[in-house]
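Colleague: Provided below are the primary sequence and the corresponding predicted coordinates.
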Amino acid sequence: MPRYVITLVGEDRSGLVSAVADAVSAHGGNWEGSQLAERAGVFAGVVEISVADESAQTLLGALLALDETLTVTALSGVGASAANRQVSSLVISLVANDRPGIVRDVSAVLAAHELSIDDLSTEVREAAMAGGRIFEASVLAHTAAGTDLSRVKEDLEKLAAELQVEIAIG
């Protein structure tokens, strides 16, 4: 079945996920995976759905009709064969004193080695004992064949030393 990636953004309120799930279900779609979050009073989500060819357009129309409460976009996803071409992955955990530019610096190293970020989660929290704020990030990235992951790790470790951050690479 074809897959679609739906993005949703709108003012947070009760019932948004239910409205999307109702539309998917009513048109025979299957909710494959998602990441949904509320940040600063705004709801944002990415949902991967699959649906039979004959129901795809009506389902997408129903989702786009939610545009009064959510800004909705739908893109056709790639097939499983294209997704399986990812041959190497890298998991990075990062903890640092918060400052602007950390995501920029880490993502620049990954981009320089042509890694693609599959998942990026970040959080800033108050440092319990030391005061100040702590930045934490978790990154899952993948690369195609031929990328030297040892060079990627070297560059990330060099960056960690420059920024005085702790990076764990797995």
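Modeller: In hand now; what should we look at? Numbering: from 1, shown residues only.

Colleague: which residue packs closest to the most centrally placed residue in the chain, ignoring adjacent ones?
Modeller: In the chain, the C-alpha nearest the mean C-alpha coordinate belongs to residue 119, at 4.1 Å (CA atoms, centre = their mean). Leaving aside its chain neighbours, residue 119 sits nearest to residue 140 (4.2 Å; criterion: CB to CB, 6 or more residues apart in numbering). Every C-beta, even on glycine, is put in place using the N, C-alpha and C of the backbone.

Colleague: any idea which element the one you found lies in?
Modeller: strand 133-143 (DSSP states H and E).

Colleague: please point out which parts of that strand sit buried.
Modeller: By 16 or more other CB atoms under 10 Å, the buried positions in strand 133-143 come out as 135, 137, 139, 141-143.

Colleague: stretch 18-32 too?
Modeller: 19-20, 23-24, 27, 29.

Colleague: with stretch 111-128 instead?
Modeller: Buried-residue list, stretch 111-128, by 16+ other CB under 10 Å: 113, 115, 117.
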